[in-house]
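Peer 1: Predicted model, plus sequence, below.
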Amino acid sequence: MNCDFNAIICIATLAAGAILFLDRVLHIQVSATAPTVPAGPGTATSAPLRMVRRAVVHHARALFPVLLVVAIARSFIFEPYRIPSDSMMPGLVHGDFILVDKFAYGLRWPIFNTKMIPTGSPHRGDVIVFRSPADPGTNLIKRLVGLPGDHIVVRDNRLTINGRLVPLSEDGTCDGRHGFAGSPLALETFGVADHVVLFAPDRWSKDFEGTVPPGHYFFMGDNRNDSEDSRFADVGFVPEANLIGHAHRIWMNWRLPGWPDWSRIGMKIR
């Protein structure tokens, strides 16, 4: 998740558009001056340049509408991401390809990532893709646990928010298809919504206590003992400006080497 494909696509779209615009301007100028400009000895030598120009304009004309549609879709509607780790198991596993709703928390200008139209607010329990505060070029995916002003306490894998212990009930063990066989699972409940979390017994649990600052959020991975999240200094509290979108649905799972896991296609992310 380190490459900013949105920036690449937007720059390519602007470049193709600029080529078409310049070609149009030059065509108008040549058409206006053609009757008064006589052919000269340099006409033959400019033929290769005209061929290169025609080829560049031809490719720009073919690519521009495709790039424009992709840039608009990825910047304002949905963007695909690949899950590169096990930090969100068991709900999301290494190799899942997901769609992220870019419209959920506000429309942002591509490249600059500044909000231009507010469209909604994050809710506790949302699975969200965001830019790492320590390295904005790296995107992370975690579950939103703490809202601005919340006092968060994590002790021995039990979560307390504003003095209230979050309900947690046993939910069997991990089947091991994607690793962590036999690890305890639990059903964690935020309000009326619940989700499954995993507690790997051979990993160290990370405790935490702090209050979420205004305009920031606190995130945790569902694989509680194997997730670098807001409990760690390298992530910490995440500014609202770093939010990218709400993880919506799995559209493919393919972990190489191996075959796609067709059973995960279309699964809704809880």
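Peer 2: Nice, thanks for sending it over. Numbering: from 1, shown residues only.
Peer 1: what's the spacing between residue 172 and residue 181?
Peer 2: 12 Å (C-beta to C-beta, to the nearest Å). From N, CA and C alone the C-beta is placed, and that goes for glycine too.
Peer 1: State which strand of the chain is the longest.
Peer 2: Secondary structure of the chain per DSSP state E: the longest strand is strand 243-253.
Peer 1: Identify each buried residue in it, please.
Peer 2: Buried residues in strand 243-253, counted by 16 or more other C-beta atoms under 10 Å: 243, 244, 245, 246, 247, 248, 250, 252, 253.
Peer 1: pretty sure the second one contacts residue 139?
Peer 2: Yes: A contact is recorded between residue 244 and residue 139 when judged using C-beta atoms under 8 Å, the distance being 6.5 Å.
Peer 1: Find residues that contact each of the two.
Peer 2: Contact criterion C-beta atoms under 8 Å, 6 or more residues apart in numbering; residues shared by residue 244 and residue 139: 129, 130, 131.
Peer 1: Looking at those residues, which one is closest to residue 185?
Peer 2: Distance to residue 185, by C-beta to C-beta, is smallest for residue 129 among these, at 23.7 Å.
Peer 1: Now do the same contact list for residue 214.
Peer 2: By C-beta under 8 Å, 6+ apart, the neighbours of residue 214 are 148, 149.
Peer 1: go on, the one 3 residues further on?
Peer 2: Under the criterion of C-beta under 8 Å, 6+ apart, the neighbours of residue 217 are 122, 144, 146, 147, 148, 230, 237, 238, 240, 243.
Peer 1: List phi and psi for it.
Peer 2: The phi/psi pair for residue 217 (degrees, to the nearest 10) reads phi -140, psi 160.
Peer 1: ok, it to residue 116 distance?
Peer 2: Taking C-beta to C-beta, one finds residue 217 at 21 Å from residue 116.
Peer 1: before we move on, what about residue 15?
Peer 2: Taken as C-beta to C-beta, the span from residue 15 to residue 116 is 23 Å.
Peer 1: which one of the two has more residues nearby?
Peer 2: Legend: neighbour count by other C-beta atoms under 10 Å for residue 15 and residue 116, higher for residue 15 (14 against 10).
Peer 1: Let me see the contact set for the nearest residue to residue 242 once chain neighbours are set aside.
Peer 2: Nearest non-adjacent residue to residue 242, counting by C-beta to C-beta, 6 or more residues apart in numbering: residue 131, 4.4 Å away. When contacts are counted by C-beta under 8 Å, 6+ apart, residue 131 is found next to 113, 137, 138, 139, 140, 242, 244.
Peer 1: ditto for residue 60
Peer 2: Residue 60 neighbours (C-beta under 8 Å, 6+ apart): 15, 16, 19, 20, 23.
Peer 1: Among the residues you listed, name the buried ones.
Peer 2: 16, 19, 23.
Peer 1: Which one of those is nearest to residue 192?
Peer 2: residue 16 (47.8 Å).
Peer 1: mean confidence score for the helix or strand containing the closest one?
Peer 2: Using DSSP states H and E, residue 16 sits within helix 5-33. Taken as a whole, helix 5-33 has an average pLDDT of 79.
Peer 1: roughly how far is it from the heart of the chain?
Peer 2: Relative to its chain's centre, helix 5-33 lies at 29 Å (C-alpha atoms, centre = their mean, to the nearest Å).
Peer 1: In that helix, which residues are buried?
Peer 2: 6, 9, 10, 12, 13, 14, 16, 19, 23.
Peer 1: my guess is the fourth one meets residue 67, correct?
Peer 2: Yes: in this structure residue 12 lies within contact range of residue 67 using C-beta under 8 Å: 5.5 Å.
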